[in-house]
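Student: got a sequence here, can you model it:
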Amino acid sequence: THLTFGKEFTQAVELKQVAQQEAEKARFLVERAEQQKKAAIISAEGDAQAASMLAKALGEAGDGLVELRRIEAAEDIAYQLARSRQVSYLPTGPGLLLNIQQ
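Tutor: Sure, this is the predicted structure:
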């Protein structure tokens, strides 16, 4: 025996399946948004804690930490410039090209 359903019934079943898939997708999007919200909160709390610790360290050590960060940044910049093929180093100073001592 071969059993077939009516056109309307088949269409209703298909529409129900589509609706279920869309509902599942919506649940997934809501869950993902909630997870992103939690991640943003955790990240912000970590940033606040890091800023607090940095402020405390600056209060205790003075400007030493800032100076250390400047030196580290300068080292990083110098390293990047040294690796770049598009940077030329031109020595400066009086009489340098003529090798004249003053």
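
Student: now Lys7: how far from Gln35?
Tutor: Noted for Lys7: a distance of 42 Å to Gln35, by C-beta to C-beta, to the nearest Å. Placement of C-beta: from N, CA and C, glycine included.

Student: equivalent analysis for Glu45, please.
Tutor: To Gln35, Glu45 is 16 Å away according to C-beta to C-beta.

Student: quickly find the element holding the residue most central in space within the chain.
Tutor: Per C-alpha atoms, centre = their mean, the C-alpha nearest to the average position across the chain is that of Ser43, at 11.3 Å. Using DSSP states H and E, Ser43 sits in helix 7-61.

Student: which other helices and strands contact that helix?
Tutor: helix 64-83 (3 or more C-beta pairs under 8 Å, 6 or more residues apart in numbering; DSSP states H and E).

Student: may I have the helix it packs on as PDB, with CA atoms only?
Tutor: Output in PDB follows, covering the C-alpha atoms of helix 64-83 (Å, rounded to 0.1, in the frame of the first residue of the first chain):
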ATOM      1  CA  GLY A  64      59.600  54.000  38.100                       C
ATOM      2  CA  LEU A  65      57.000  51.700  36.600                       C
ATOM      3  CA  VAL A  66      56.100  54.300  34.000                       C
ATOM      4  CA  GLU A  67      59.700  54.800  33.100                       C
ATOM      5  CA  LEU A  68      60.100  51.000  32.800                       C
ATOM      6  CA  ARG A  69      57.200  50.900  30.400                       C
ATOM      7  CA  ARG A  70      58.700  53.700  28.300                       C
ATOM      8  CA  ILE A  71      62.000  51.800  28.100                       C
ATOM      9  CA  GLU A  72      60.200  48.600  27.100                       C
ATOM     10  CA  ALA A  73      58.200  50.500  24.400                       C
ATOM     11  CA  ALA A  74      61.300  52.100  23.100                       C
ATOM     12  CA  GLU A  75      63.000  48.700  22.900                       C
ATOM     13  CA  ASP A  76      60.100  47.300  21.000                       C
ATOM     14  CA  ILE A  77      60.000  50.200  18.600                       C
ATOM     15  CA  ALA A  78      63.700  50.000  18.000                       C
ATOM     16  CA  TYR A  79      63.400  46.200  17.400                       C
ATOM     17  CA  GLN A  80      60.600  46.700  14.900                       C
ATOM     18  CA  LEU A  81      62.500  49.500  13.000                       C
ATOM     19  CA  ALA A  82      65.700  47.300  12.900                       C
ATOM     20  CA  ARG A  83      63.700  44.500  11.200                       C
END
